[in-house]
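Visitor: Sequence first, predicted coordinates after that:
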Amino acid sequence: MAWLFEAAAADSIFTPEKLSDEHRLIRQTAEAFVEKEVLPHLERLETKDWPFVRELVRKAAELGLIGTDVPEEYNGLALDKVSSLIVSESVGRLASWAVTFGGQTGLAITPLLCFGTAQQKGKYLPLLVSGEMIGAYALSETGSGSDALGARCRAVRHDDGSFVLRGEKMWITNGGFADFFIVFAKVDGEAFTAFLLERAFPGVSTGKEEHKMGLHGSSTVPLILQDVRVPAANVLGEVGKGHKVAFNVLNYGRFKLGAMCSGGARAVIAEAARYASERRQFGRSISEFGAIRFKLAEMTVREYAVESMLYRVAGLIDSALAGSAAGPDILSALEELAVEASIAKVAGSEMFDYIVDENVQIHGGNGFVRDYAAERHYRDARVNRIFEGTNEINRMLIPGMIARRGAVRAVEPDGTPLGAMRTASTMVLSTAVQQYGSRLGDQQEVLMFAADAIIDTFACDSVLLRSSGSRDPLHDAAASIYVTDAAARVEVAARNALAAMGENGRGKLGTLRELMNIAPVDTVPLRHQLAEAVLSRNQYPFA
Ligand SMILES: Cc1cc2nc3c(=O)[nH]c(=O)nc-3n(C[C@H](O)[C@H](O)[C@H](O)COP(=O)(O)OP(=O)(O)OC[C@H]3O[C@@H](n4cnc5c(N)ncnc54)[C@H](O)[C@@H]3O)c2cc1C
């Protein structure tokens with residue numbers, strides 16, 4: 001979070017250009033797996049052939065892809081987080097598969113790894129890592145999604161220390177074929193607690209598959225618990241500390257969701273470029289039209305920004321971990337980078353939504369029919385803004401968490417556009433903290449504006465640091481376009497926030513106007529340069 005208050009050096013951040021040979025090998029393995037084992041079987045996934053999906057998880061496990069975060073003693077590979085990011089990007093090429101994969105790795109394995117006892121980890125982790133057991137995570141209920149702690153599922157403690165669980169969970173990814181569930185329930189109606197359940201426990205059953213807008217190749221069902229007896233040894237973490245399990249796990253899930261969106265975005269950009277090159281109207285390829293080139297360039301710039309943030313965050317987590325794959329270390333690293341994880345989730349999902357939407361537009365009428373993948377990408381992507389904490393909840397968390405850590409101050413401008421954004425963001429945040437203090441959480445509109453300014457500031461910092469470390473002019477083009485547009489967005493967000501806090505043109509709003517008086521950049525030739533690179537390679541041109 002230091003990036004909000006001070007400049008960093010280019011060599012201090014990790015970028016895709018710094019991947020090692022081992023990282024490239026992981027990428028090759030993960031991409032080849034998706035290319036050969038997943039994509040050709042789309043129909044089997046979309047028609048919910050769960051035995052086939054189970055088999056896919058097992059095959060991914062054979063290659064080590066399921067256990068990248070898991071220590072070797074539990075049959076994992078204990079790779080760094082850059083490697084996990086690479087694997088998440090690769091699975092992101094097919095959204096349904098990404099969600100199944102994320103359910104197994106992020107939602108089932110991560111909580112167990114971070115909070116499990118040695119006995120729990122020894123019993124379940126090797127089975128999950130090998131894909132013999134499929135896992136799911138059951139937090140949400142009909143009446144409690146964002147308000148997860150409002151769960152009604154009950155656990156009654158018995159004299160022998162065991163618990164009896166009753167209630168119903170909703171929207172459980174992998175639920176239709178999972179063998180193992182991490183379930184949240186309130187002990188004696190009060191103490192929110194996480195439990196490890198097996199499908200084989202009497203009283204556990206799952207309901208019908210939801211008819212979803214997208215992700216037809218992923219299972220989403222209710223989980224029904226009818227007086228399920230759970231031994232005391234299957235409490236995950238501590239009784240009454242379920243919120244720690246639920247919320248800390250989400251930090252990593254959010255980061256990985258951003259990575260899946262990034263991988264998906266790269267595949268969709270390639271698809272858009274191929275279609276634009278082939279489709280002819282008015283006697284020319286539509287890829288020659290400025291309006292289409294603009295879209296291809298803009299898709300590329302937005303993905304470049306998200307990718308730059310993701311690799312930077314992965315590098316930061318790896319530095320915090322310093323080679324450790326131990327649960328408590330992972331937890332504290334993830335807690336430290338919770339702001340950045342929320343940024344990755346919001347920025348990644350909104351970037352991807354923009355890209356799938358413009359891909360449909362480039363496809364014209366063909367984008368609206370099922371014969372083309374553009375239609376499926378569009379439907380599949382929409383949920384990313386809803387799960388792993390809605391984007392509204394994540395937006396509010398971003399400034400809220402920064403404020404809670406204290407030391408919020410308005411940064412002096414340094415004469416650069418990035419410096420101006422930093423000043424504007426910190427001016428908004430420090431004004432809000434001074435004005436509302438502990439009631440800041442009630443000021444949702446101000447928090448949302450602040451989050452928008454902070455997200456763009458982090459994105460600009462990340463693209464500028466990345467591009468300054470490269471001699472390729474394409475990097476400068478992407479960074480320059482992103483910064484130009486982001487500066488305008490930050491100005492609007494900051495203006496709205498300051499006005500909402502009663503500022504006027506003579507005070508901070510006047511300062512903001514002077515601050516954001518940034519020299520205009522002609523982004524048209526820069527966008528042409530990027531569009532040309534995408535079209536000539538038929539793919540996203542970076543990394
Ligand atoms: C395909 C799919 C798979 C899923 N997989 C899982 C899974 O594996 N396990 C699991 O436990 N859950 C899962 N979920 C559930 C998912 O996490 C929830 O849908 C999500 O958390 C949002 O909760 P909700 O649907 O109840 O929406 P609500 O919480 O009712 O939100 C509705 C709207 O109100 C807004 N809102 C809510 N509270 C506030 C507030 N305090 N301030 C401002 N705005 C607010 C939200 O941002 C949203 O726009 C899945 C959902 C889907 C669709």
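Guide: Ah, there it is. Just so it is clear, the model here is predicted, and its values are computed rather than measured. Residues are numbered from 1 along each chain as shown.

Visitor: What does the residue of the stretch 1-150 of the chain found nearest the ligand show for phi and psi?
Guide: The ligand sits closest to G145 of the stretch 1-150 of the chain, with a gap of 1.8 Å, by CB to the nearest ligand atom. (C-beta placed from N, C-alpha, C; glycine too.) Taking degrees, to the nearest 10, you get phi -110, psi -80 for the backbone angles of G145.

Visitor: Equivalent analysis for the one 5 residues further on, please.
Guide: G150 adopts backbone torsions of phi -80, psi 20, taken as degrees, to the nearest 10.

Visitor: Give me the distance between the residue of the stretch 1-150 of the chain closest to the ligand and T206.
Guide: For G145, the distance to T206 (CB to CB, to the nearest Å) stands at 18 Å.

Visitor: could you check whether the helix or strand harbouring V228 is close to the ligand?
Guide: Per DSSP states H and E: V228 is located in strand 220-230. Yes - using CB under 6 Å from any ligand atom, strand 220-230 comes into contact with the ligand via T220.

Visitor: Could I get the buried residue list for the lowest-mean-pLDDT helix or strand in the chain?
Guide: Lowest by mean pLDDT, DSSP states H and E among the helices and strands of the chain is helix 327-336, with a mean of 88. Buried positions in helix 327-336, judged by neighbour count with 16 or more other CB atoms under 10 Å: G327, I330, L331, A333, L334.

Visitor: Skipping its backbone neighbours, what lies nearest the first one in space?
Guide: For G327, ignoring the flanking residues on the chain, the nearest one in space by CB to CB, 6 or more residues apart in numbering is C114 at 4.3 Å.

Visitor: which SSE is R302 in?
Guide: Going by DSSP H and E, R302 is in helix 290-321.

Visitor: what angle separates that helix from helix 327-336?
Guide: 140 degrees (axes from the mean of the first three to the mean of the last three CA atoms, to 10 degrees).

Visitor: How far does helix 290-321 sit from its chain's centre?
Guide: In terms of CA atoms, centre = their mean, to the nearest Å, the centre of helix 290-321 is set 12 Å apart from its chain centre.

Visitor: pLDDT value on G323, please?
Guide: Turning to G323, the model gives it a pLDDT of 85.

Visitor: what's the spacing between it and R279?
Guide: In terms of CB to CB, G323 sits 50 Å off from R279.

Visitor: More neighbours: those two, which one.
Guide: Between G323 and R279, counted using other CB atoms under 10 Å, the more crowded position is R279 (16 against 8).

Visitor: my read: that one touches I292, true?
Guide: No - between R279 and I292 there is no contact under CB atoms under 8 Å: 9.1 Å.

Visitor: Give me the common contacts of these two.
Guide: I286 (CB atoms under 8 Å, 6 or more residues apart in numbering).

Visitor: touching the ligand at all, the longest helix seen in the chain?
Guide: Across the chain, the helix with the greatest residue count (assigned by DSSP state H) is helix 242-278. No - using CB under 6 Å from any ligand atom, helix 242-278 stays clear of the ligand, with a minimum separation of 8.6 Å.

Visitor: how far out from the middle of the chain is the helix or strand that that helix is followed by?
Guide: As assigned by DSSP H and E, the chain's next helix or strand after helix 242-278 is strand 280-281. Distance, stretch centre to chain centre, for strand 280-281: 37 Å (CA atoms, centre = their mean).

Visitor: which residues sit against strand 280-281?
Guide: I286.

Visitor: for stretch 360-373, same thing?
Guide: By CB under 8 Å, 6+ apart, stretch 360-373 touches 271-272, 275-276, 279, 286, 292, 295-296, 359, 374-376, 378.

Visitor: switch to 7 Å and redo it
Guide: With contact meaning CB atoms under 7 Å, 6 or more residues apart in numbering, stretch 360-373 is reached by E271, A272, Y275, A276, I292, K295, N359, A374, E375, Y378.

Visitor: And for stretch 454-470?
Guide: 3-4, 8, 10-11, 13, 15, 17, 304-305, 308-309, 312, 343, 346-347, 398-399, 418, 421-422, 425, 475-476, 478-479, 482-483, 486, 489-490.

Visitor: re the thing from before, can you give me the angle the least confident helix or strand of the chain makes with helix 242-278?
Guide: Using the same axes, to 10 degrees: helix 327-336 against helix 242-278 is 70 degrees.

Visitor: name the helices or strands packed onto helix 327-336?
Guide: Secondary-structure packing of helix 327-336 (3 or more CB pairs under 7 Å, 6 or more residues apart in numbering; DSSP states H and E): helix 110-115, helix 242-278, helix 290-321.

Visitor: among the ones you listed, which is nearest E37?
Guide: Nearest to E37 among these is helix 242-278 (15.8 Å), distances taken as CB to CB.

Visitor: mind listing what's buried in that closest one?
Guide: 242, 244-273, 275-277.

Visitor: which helices and strands sit right next to the helix or strand following the strand holding V228?
Guide: Next in sequence after strand 220-230, counting helices and strands by DSSP H and E, comes strand 235-236. Judged by 3+ CB pairs under 7 Å, 6+ apart, strand 235-236 is in contact with strand 191-198.

Visitor: Could you pull up the mean pLDDT of the next helix or strand after the strand it packs on?
Guide: Next in sequence after strand 191-198, counting helices and strands by DSSP H and E, comes strand 204-206. Regarding strand 204-206, the rounded mean pLDDT is 98.

Visitor: Given strand 204-206, what are its sheet partners and their directions?
Guide: strand 220-230 (antiparallel) (DSSP bridges).

Visitor: May I have the partner strand exported as CSV, CA atoms only?
Guide: Output in CSV follows, covering the C-alpha atoms of strand 220-230 (Å, rounded to 0.1, in the frame of the first residue of the first chain):
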residue,chain,number,x,y,z
THR,A,220,-23.7,-24.6,-8.9
VAL,A,221,-26.2,-26.2,-6.4
PRO,A,222,-27.6,-25.8,-3.0
LEU,A,223,-26.1,-27.8,-0.2
ILE,A,224,-28.7,-29.3,2.2
LEU,A,225,-27.7,-30.2,5.8
GLN,A,226,-30.2,-32.3,7.7
ASP,A,227,-28.9,-33.0,11.2
VAL,A,228,-25.4,-33.8,10.0
ARG,A,229,-23.1,-35.0,12.8
VAL,A,230,-19.6,-33.5,12.5
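
Visitor: Strand 191-198 and that one, what's the angle between them?
Guide: On the basis of the same axes, to 10 degrees, strand 220-230 is oriented at 100 degrees to strand 191-198.

Visitor: and strand 220-230, how far out from the chain's middle?
Guide: For strand 220-230, the distance to the chain centre is 28 Å (CA atoms, centre = their mean).

Visitor: do the same with stretch 73-86
Guide: 18 Å.

Visitor: Could you report the distance from the residue in the stretch 201-350 of the chain that the ligand sits nearest to to L197?
Guide: Taking CB to the nearest ligand atom as the measure, the point where the stretch 201-350 of the chain comes nearest the ligand is T220, at 4.7 Å. Per CB to CB, T220 is found 18 Å from L197.
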